[in-house]
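[1] just need the structure, nothing else, for what follows:
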Amino acid sequence: MSLIITYMGDDGILKIVHPAPKAVAEAGKPEEEFLKDLAKRLELVEFDIIDAKELPEDRSFRDAWKQKNKKVKVDMPKAVDIQMDKLRHKRNKKLAELDVEYMRALEEDPKKAEEVAKRKRELREMPKKIEKEMKALKKPEDLKRFKPKMLED
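    The predicted structure is shown next:
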């Protein structure tokens, strides 16, 4: 069994302390006792000692992890915010590409410029359009796979 210390950081992100196995072995005391002493040296007031196996394998939403009853799970509202930021980043890249296409179209084909402007508008409105759908997802795996059609290549 590999024990770890978990505690909530001031930034709202679950912090994890994995002690070096060599340090635990050299301490000459049980692992849990070693971790309690370590938490005291780190001046941690609220912390838990849990089995490392309780950590989710997928770290896609690592900053959204929360702990309850010595179990670490993904806080879905936070995960939605993280995924929305990732999607905004992809959207912004597409908008930059469309800016070039729009400028060229203005010179060559005003009708095409209108079409590009419409796609840009749709991309800017994307967060509002997909927020409800994203919040309805219940599993981190589903949220991770979520990609709006307008961002598909």
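
[2] and the residue nearest to the spatial centre of the chain, its phi and psi?
    Nearest to the mean C-alpha position of the chain, by CA atoms, centre = their mean, lies Phe61 at 3.1 Å. With angles defined as degrees, to the nearest 10, Phe61 sits at phi -120, psi 40.

[3] pretty sure it contacts Val80?
    No: the pair Phe61 and Val80 fails to qualify as a contact (CB atoms under 8 Å) at a distance of 9.3 Å. C-beta here means a position set from N, CA and C on the backbone, and glycine is covered the same way.

[4] find the residues that touch each one of the two.
    Shared contacts of Phe61 and Val80 (CB atoms under 8 Å, 6 or more residues apart in numbering): Leu143.

[5] now the terminal residues of stretch 35-55, how far apart.
    End-to-end distance of stretch 35-55 (CA to CA, to the nearest Å): 17 Å.

[6] residues of it that come out buried?
    The neighbour-count check on stretch 35-55 (16 or more other CB atoms under 10 Å) flags Leu35, Lys36, Leu38, Ala39, Leu44, Phe47, Asp48, Ile49, Ile50, Leu55 as buried.

[7] could you do stretch 2-19 as well?
    For stretch 2-19, the neighbour count (16+ other CB under 10 Å) marks Leu3, Ile4, Ile5, Thr6, Tyr7, Leu14, Ile16, Val17, Pro19 as buried.

[8] farthest-separated two in those residues?
    The span of the buried residues of stretch 2-19, defined through CB to CB, is set by Leu14 and Pro19 at 16.9 Å.

[9] residues contacting Arg121?
    Residues near Arg121 by CB under 8 Å, 6+ apart: none.

[10] which element is it on?
    Assigned by DSSP states H and E, Arg121 belongs to helix 110-136.
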